[in-house]
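Asks: next comes the sequence, and after it the predicted model I'd like to discuss.
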Amino acid sequence: MRYSRMLIPTQKETPQDATLPSHMLMIRGGYIRPLAAGTFTYLPLGIRTLHKVTEIVRQEMVRSGAEELLMPALQPLSIWQETGRDEIFGPVLFRFDDRRGRSLALGTTHEEVITDIARSYLRSYRQLPLNLFQIQTKFRDEERPRGGLIRTREFIMKDAYSFDRDEAGLDASYQAMYQAYSRIFSRCGLDYVPVEADSGAIGGSVSHEFMVPSPHGEDSMVTCGSCGYAANVERCELPAMEEIPAGTAAVEEVETPGTTTIEQVSSFLKVSPDRLLKTLIYTAGEKIVLALVRGDHELNEAKLARAVGAPIEMADGPLVEKISGAAVGFAGPVGMNDRGAFMVADNAVKAMADFVTGANKNDAHLLNVNRERDFAPDVYADIRAAGEGDACPRCGGALSFVRAIEVGHVFKLGTRYSEMMNAGFLDDAGKNRPFVMGCYGIGVSRIPAAAIETHHDEKGIVWPITIAPFEVLLIPTNPTDQALMQHAEALYSGLLENGVDVLLDDRDERAGVKFNDAELIGVPVRITVGPRGIKNGVFELKLRDGSMESEIPLAEGVAAVSRIRNELVDRLSKA
RNA sequence: CGGGGCGUAGCUCAGCUUGGCUAGAGCGCCUGGUUUGGGACCAGGAGGCCGGUGGUUCGAAUCCACUCGCCCCGACCA
C-alpha cells in the first residue's frame, strides 16, 4: 500500500477522554475513532490489525480441529428464557421488540443458539466430539464501558463450543483448546498468563482465564513465585485456619454511637479489627443471605455466590434496615437464625472467639459474641478475598497481586445447557445422554489493546510483527528526488513480490514527519531510503523495538528484509 | 446506579467569575513560494446553530432551569 492513498489520520495531540496508553495511541495513530460510549469505528489501520488477529485465531482453531460457522447476533428473546439467562444477564442483554411486537435480543454469547443447533443435528455418539466456533460481533449493554477497546458495548469475540459424549472427552477437548489458546496468544506476541478462574454467569466447573498483566487491567490475579500457582483473585482459595474453641465470656451490649465502619468501631472500642465480625447482607432471589467475615478481611462476592449456589446482590439501605432492624453499620448475626436468613460464615470465623458484632440496633454493638452459642452459621465457606499477606494455597509461598486484562476464557460447562435445553444423543448402548459441553472465548478486539498496553513507548506503539497493520514501513526521505524514489519503488515492489506486507510512505512530507508517524503507528520494521545511503549503495533498516539498526546494500535489500521479517515472525510462533 | 469533571473550528484549548463591538489561539486543512534525514518557513485563505430546549434581559458562549452526550472514580461485569 501507498501511504498517500490510505486514510491514516494520525494526530499530535492526545484526545481529552483517552486515558489508557492503548486507547490514546490507537486514536492518535489513526486506528480507531469513537462514535458513542463503548463503540468504535475501526479505521483502515485498525481493521488491518484486527484481521491479522482474527486470521491467527482462525488458523489455530482450525488446526486444533474446530470448525467455523456463523450464528446470528439477532436472536429471539425466547431462546434466552429457555435457560433463564435473560434474567441472569438482566439489563446487560440488549433487548427490543420488532415491528410485530416480538421480543428480540442481541447476542452476548451463544450457548443457547449453539445448543439448539446441537440438539437439532447431533443424534449419535458417532458424530462426537465436535467443536464449532465463530468470530462475531457481540453486544453487551455494560453499565460503564471504559478503557477504550478494553470494555466496549459492541466487540468482536471468538467463541467456540465443544460437544463430547463424556467427561473424558470434555477433558480432551478442553486441553486442545487450552493449547490452541496458548499458541494464539504467543503468536500475537502477548505476555499472557493462564490462571484458574471463576466461571460466573456462564456456569460450569473448571475454568481458566488467559490474562495479560497490566496496571490498567480491570481484573486482579495472584501468582505464587515459588510454585507457579496463578489464579483470578476471585478464585484464589484460602487455606482454612486452625479452629479455636469458642469463648465463654458473657455477651455484653455497649453503646457505639455513630460508628458504622470497622475502623470507627475498632478505634472507638479500642479493639483491633481482627476481633470484629463484619456482617454483610445480600439477597439471592427471595432469599436473604448473611455473610460473616472477619473485620480486617474483604468479602469476595464471587466466592459468596458460589457458596450460596445462586447469583447474589448486595442489599440496599432500606432492605438492610428492614432485615436487621438497624441502620447500615449495625447489623450482626445474633438473633438472625430465627429470622430466616441463610448465614454463611467465612472459614476464618472458626478461628475467632469473644468477638465484636453489630447489635442489630442503632448505635450499639455486642462484645464477647461466640459462634454456635450466640448464632449458628448455616455453612462455613471460603468467602473472603485474598489480599496482600495471604499465603499460596498450594505451597504456602508468598502471593503477589497484579492487575490484568482478560483476553481469553475457557470453561468446562458439563451438561448444564444440554440438560436444560434437552439436547442429547444416543450412546453406543442406545441410551439417551446429554452432551458434555465446553465453551471457549477470546476477546479478539481486546487483543490489540492488550498488546499495546505492554508494547509501547513514549513515541508510540511497538507492535509484535504478527499483528502489526504492516510488517515494513518504507520511507524515502525525499519524494521529489527521482533517483531516490526509483530505489524505493524497486525495493517496494520487490518486497511485495516476496509476500512482505509493506507500506510505502510516498507522501510529500519532511522526513521528520514521516519518522514520527512511523514511530506512532508502530510498524516493526522501518526502512529509510535517503540520499546519504544511496551514495554508498545502502539503505537503513531499524526495528521499532530498538533491537537492531543496520545498513543494508540495496542489491541485497529484498532478501535481507524478507529474512528479518521471517525471523521476527518465527520468534513469536515458537514461544 | 452513587460521586466528580467536561461539552466553544477536524484536534488541543482560551473566553464564562463580573452579560455588551465582527467569538479567539496553537496544531491540522487549502493556495502560492522557499525548503527537504527528526513534527520547516513566509504570504494569503477556508472552516463555528459556543451540545440542545426553554427562561431572565434592551442584549446570552457567558446567568437560571431542564435535557442530551462524553470521560473518570466507585458499584457491577463473562
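Replies: Happy to help now that I have it. Numbers count the residues shown, from 1 in each chain, chains lettered A, B, ... in the order given.

Asks: contacting residues around the residue in chain A that RNA strand B sits nearest to?
Replies: Nearest residue of chain A to RNA strand B, counting by CB to the nearest atom of the strand: A:Gly530, 1.8 Å away. Every residue, glycine included, has its C-beta placed from N, CA and C. Listed by CB atoms under 8 Å, 6 or more residues apart in numbering, the contact set of A:Gly530 reads A:Pro476, A:Thr477, A:Asn478, A:Leu484, A:Ala511, A:Phe539, A:Glu540.

Asks: same thing with A:Phe539?
Replies: Here A:Phe539 is in contact with A:His487, A:Leu491, A:Ile527, A:Thr528, A:Val529, A:Gly530, A:Gly533, A:Glu551, A:Ile552, A:Leu554, A:Gly557 (criterion: CB under 8 Å, 6+ apart).

Asks: in helices, which of those fall?
Replies: Taking DSSP state H, the ones among these that sit in helices are A:His487, A:Leu491, A:Gly533, A:Gly557.

Asks: work out which residue lies at the spatial centre of chain A.
Replies: Geometric centre of chain A, nearest residue: A:Glu406, 2.2 Å, by CA atoms, centre = their mean.

Asks: is it true that that residue lies in a helix?
Replies: No - A:Glu406 is assigned strand when assessed by DSSP: H, G, I helix; E, B strand; the rest coil, not a helix.

Asks: quick check: it touching A:Phe210?
Replies: Yes - shown here, A:Glu406 and A:Phe210 form a contact pair, counting by CB atoms under 8 Å, at 7.2 Å.

Asks: write out the residues of the stretch 451-575 of chain A neighbouring RNA strand B.
Replies: Residues of the stretch 451-575 of chain A lying close to RNA strand B (CB under 7 Å from any atom of the strand) are A:459, A:477-478, A:480, A:508, A:510-513, A:515-517, A:519-520, A:528-533, A:540, A:542.

Asks: what are the boundaries of the helices in the stretch 451-575 of chain A?
Replies: A:482-497, A:511-521, A:531-535, A:557-574 (DSSP state H, counting those that start in this stretch).

Asks: buried deepest among those, which one?
Replies: Among the helices of the stretch 451-575 of chain A, helix A:511-521 has the highest mean neighbour count (mean count of other CB atoms under 10 Å), at a mean of 18.

Asks: and the stretch 251-400 of chain A, which residues reach RNA strand B?
Replies: Checking the stretch 251-400 of chain A against RNA strand B by CB under 7 Å from any atom of the strand, the hits are A:Glu301, A:Ala302, A:Pro311, A:Met314.

Asks: which secondary structure element contains A:Leu366?
Replies: Using DSSP states H and E, A:Leu366 maps to strand A:364-369.

Asks: and that strand, how far out from the chain's middle?
Replies: The chain centroid and the centroid of strand A:364-369 are separated by 42 Å, computed with CA atoms, centre = their mean, to the nearest Å.

Asks: same check on stretch A:151-161?
Replies: 11 Å.

Asks: report the backbone C-alpha coordinates of it in PDB.
Replies: In PDB, the C-alpha atoms belonging to stretch A:151-161 read as follows (Å, rounded to 0.1, in the frame of the first residue of the first chain):
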ATOM      1  CA  ARG A 151     -14.500  -2.800  27.600                       C
ATOM      2  CA  THR A 152     -16.900  -1.800  24.800                       C
ATOM      3  CA  ARG A 153     -20.600  -2.400  24.300                       C
ATOM      4  CA  GLU A 154     -20.000  -3.800  20.800                       C
ATOM      5  CA  PHE A 155     -17.000  -6.000  20.400                       C
ATOM      6  CA  ILE A 156     -15.600  -8.900  18.500                       C
ATOM      7  CA  MET A 157     -15.300 -12.200  20.100                       C
ATOM      8  CA  LYS A 158     -14.200 -15.700  19.000                       C
ATOM      9  CA  ASP A 159     -16.400 -18.200  20.800                       C
ATOM     10  CA  ALA A 160     -16.200 -21.900  20.500                       C
ATOM     11  CA  TYR A 161     -18.300 -24.700  21.800                       C
END
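
Asks: give me the below-cutoff pLDDT ranges for chain A.
Replies: A:199-204, A:574-575 (pLDDT under 70).

Asks: per the record, what domains does it have?
Replies: Using automatic domain parsing, the domain ranges for chain A come out as A:18-190+A:412-452, A:252-381, A:470-574.

Asks: endpoints of the second one, how far apart?
Replies: In this case it means domain A:252-381. Using CA to CA, to the nearest Å, the end-to-end distance of domain A:252-381 comes to 28 Å.

Asks: can you give me the helices for the stretch 301-450 of chain A?
Replies: Per DSSP H, counting those that start in this stretch, the stretch 301-450 of chain A carries helices over the ranges A:301-308, A:317-324, A:416-420, A:446-454.

Asks: who touches the longest one?
Replies: The list of residues contacting helix A:446-454 from outside it, by CB under 8 Å, 6+ apart, reads A:20-23, A:25-26, A:31, A:46, A:49-50, A:53, A:147-150, A:155, A:185, A:188-191, A:212-214, A:216-217, A:405-407, A:461, A:463-464, A:467, A:522.

Asks: one more: the second one?
Replies: Identification of contacts with helix A:317-324 by CB under 8 Å, 6+ apart yields A:279, A:281, A:283, A:288, A:315, A:327-328, A:330-332, A:336, A:339, A:341, A:358, A:360.

Asks: one step back: in JSON lines, list the residues of the stretch 251-400 of chain A next to RNA strand B along with neighbour count.
Replies: Below are those laid out as JSON lines (neighbours: other CB atoms under 10 Å):
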{"residue": "A:Glu301", "neighbour count": "18"}
{"residue": "A:Ala302", "neighbour count": "18"}
{"residue": "A:Pro311", "neighbour count": "16"}
{"residue": "A:Met314", "neighbour count": "15"}
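
Asks: and those residues, which two are furthest apart?
Replies: A:Ala302 and A:Met314 (13.1 Å; CB to CB).

Asks: that older thread, filter the contacts of A:Gly530 down to the ones in strands?
Replies: When DSSP state E is applied, the contacts of A:Gly530 are split such that A:Pro476, A:Phe539, A:Glu540 fall in strands.

Asks: a markdown table for these, including distance to A:Glu82?
Replies: Shown next, in a markdown table, are the ones in strands among the contacts of A:Gly530 (distance: CB to CB, whole Å):
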| residue | distance to A:Glu82 |
| --- | --- |
| A:Pro476 | 61 |
| A:Phe539 | 63 |
| A:Glu540 | 62 |
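
Asks: just checking, A:Ile467 touches A:Gly189?
Replies: Yes - at 6.6 Å, A:Ile467 counts as touching A:Gly189 under the criterion of CB under 8 Å.

Asks: who does A:Arg95 form a beta bridge with?
Replies: Judged by DSSP bridges, the bridge partners of A:Arg95 are A:Ala105.
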